[in-house]
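Participant: After the sequence you'll find the predicted model.
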There are 2 protein chains.
Amino acid sequence: MDQKEVSGISFQIDFSQPLYEQILNQIRSAIVRGEIGLGEKIPSVRELARGLHINPNTVMRAYQELERDGLTEKRRGQGTFVTSSSKRVEAFRMEVAKEQIHTFIEQMKNLGLTWENVRAYIDQLLDDDKGGENP
Amino acid sequence: MDQKEVSGISFQIDFSQPLYEQILNQIRSAIVRGEIGLGEKIPSVRELARGLHINPNTVMRAYQELERDGLTEKRRGQGTFVTSSSKRVEAFRMEVAKEQIHTFIEQMKNLGLTWENVRAYIDQLLDDDKGGENP
DNA sequence: TAAGTGTATTATATCACTTAATACACCTAA
DNA sequence: TTAGGTGTATTAAGTGATATAATACACTTA
């Protein structure tokens, strides 16, 4: 719905989830995918709040969770920075991946679908994509 | 956490999600997997509420959603029954499956993982299971 | 008729989320 | 030193989703 850019990081905010979770997920994703480099600074709490027209407390909540994940470090008076440890980022990436994969497998099990069915479906789906239907 | 059985349907309730969603999902799953047969009766609103020690209104909310899904039909004065149309159940199954698969693909994309990685991981995961570690 | 169905209504309580207004300690640049 | 930027903590308030409670009604079946 709402597409905005703050300090080179793009955010899209809607009303389907809590704001702090959307911010959290999108910064996580940007770090994990390398769109924000190791050791790089991320927007200050107030700056991001201003940029997204939301309350600083809401941004704070997302930032505290980021630090619990080990993805960021704060420096007093300076700001918040992505960790310099590629190991930590990688560890987090794998942790979340495992969790999401297991949840997905459980979902497919609940629908009575076999992994063979699902795999075939996705294989075909991605082959079609390569076919060039979407620019 | 809490494991209970009501009219041959087993429910496990915790506090991680709204009650009505858990009831909804677990009855959906039971229908889709054939654990409740086509045309079969499901517990009455009051009976399920009594069995799970929750409010009838909460069960109602789940039951209304089930009917919107096309998975159940109500008969005045008699109760709520699973649809007799296997087509409807199948349509619902595929609709939900597609939705969950696309969400999953999006998640993996956000983590910067390729489908090849994910597929290999799950393949190995399920092979290990067959190996007989879990009874 | 009595008891069981689904359904609707109104009221209340709780909790998560969000905003708002401050305040404090720290760092940095002018 | 000062001014303005950092993260952080606190207190208060409002909103909406969730859940409970107590009733009531129309319908069906035994």
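Facilitator: Good, I have the coordinates.
Participant: Quick check: residues of chain A near DNA strand D?
Facilitator: Counting by CB under 7 Å from any atom of the strand, chain A comes close to DNA strand D at A:44-47, A:56-57, A:60, A:63-64, A:67, A:74, A:76-80. Backbone N, C-alpha and C define where each C-beta goes, glycine included.
Participant: any idea how chain A splits into domains?
Facilitator: Per automatic domain parsing, the structural domains of chain A span A:2-82, A:86-130.
Participant: Show me what the mean pLDDT comes to for the first one.
Facilitator: This predicted structure assigns domain A:2-82 an average pLDDT of 95.
Participant: so how far is it off the chain centroid?
Facilitator: Here domain A:2-82 is found 10 Å from its chain centre; the criterion is CA atoms, centre = their mean, to the nearest Å.
Participant: where do the helices sit along chain A?
Facilitator: Assigned by DSSP state H, chain A shows helices spanning A:19-32, A:45-52, A:56-68, A:86-110, A:115-130.
Participant: circling back to that earlier point, with distance to chain B and mean neighbour count added, can I get the domains of chain A in TSV?
Facilitator: Below are the domains of chain A laid out as TSV (distance: least, CB to the nearest CB, whole Å; neighbours: other CB atoms under 10 Å in any protein chain shown):
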stretch	distance to chain B	mean neighbour count
domain A:2-82	4	16
domain A:86-130	4	14
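Participant: Same list (those) but as TSV, adding distance to residue B:27.
Facilitator: Output for those, formatted as TSV (distance: least, CB to CB, whole Å):
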stretch	distance to residue B:27
domain A:2-82	24
domain A:86-130	11
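Participant: mind checking which of those domains is nearest DNA strand C?
Facilitator: Distance to DNA strand C, taken as CB to the nearest atom of the strand, is lowest for domain A:2-82 among these, at 2.1 Å.
Participant: and the closest one with DNA strand C, contact?
Facilitator: Yes - Domain A:2-82 is in contact with DNA strand C by CB under 7 Å from any atom of the strand, via A:18-21, A:54-58, A:61, A:75-78.
Participant: From those, pick the one nearest residue A:115.
Facilitator: Minimum distance to residue A:115 across those is 29.4 Å, recorded for residue A:21 (CB to CB).
Participant: How much space separates the closest one from DNA strand D?
Facilitator: In this structure, residue A:21 lies at 14 Å from DNA strand D, with CB to the nearest atom of the strand, to the nearest Å as the measure.
Participant: And for residue A:109?
Facilitator: Note on residue A:109: its distance to DNA strand D, by CB to the nearest atom of the strand, is 24 Å.
Participant: do the same with residue A:120
Facilitator: Between residue A:120 and DNA strand D the distance is 34 Å, computed by CB to the nearest atom of the strand.
Participant: can you check residue A:30 too?
Facilitator: 16 Å.
Participant: unless I'm mixing things up, that residue is touching residue A:43, no?
Facilitator: No - applying CB atoms under 8 Å, one finds residue A:30 not in contact with residue A:43, separated by 11.3 Å.
Participant: Need the residues touching each of these two.
Facilitator: The overlap between the contact sets of residue A:30 and residue A:43 (CB atoms under 8 Å, 6 or more residues apart in numbering or on different chains) consists of residue A:9.
Participant: Name the nearest residue to residue A:100, ignoring sequence neighbours.
Facilitator: residue B:107 (5.0 Å; CB to CB, 6 or more residues apart in numbering or on different chains).
Participant: Next up, phi/psi of the residue of chain A most remote from its centre, please.
Facilitator: Most distant residue from the mean C-alpha position of chain A: residue A:112, 29.5 Å away (CA atoms, centre = their mean). Note on residue A:112: its backbone torsions stand at phi 70, psi 30 [degrees, to the nearest 10].
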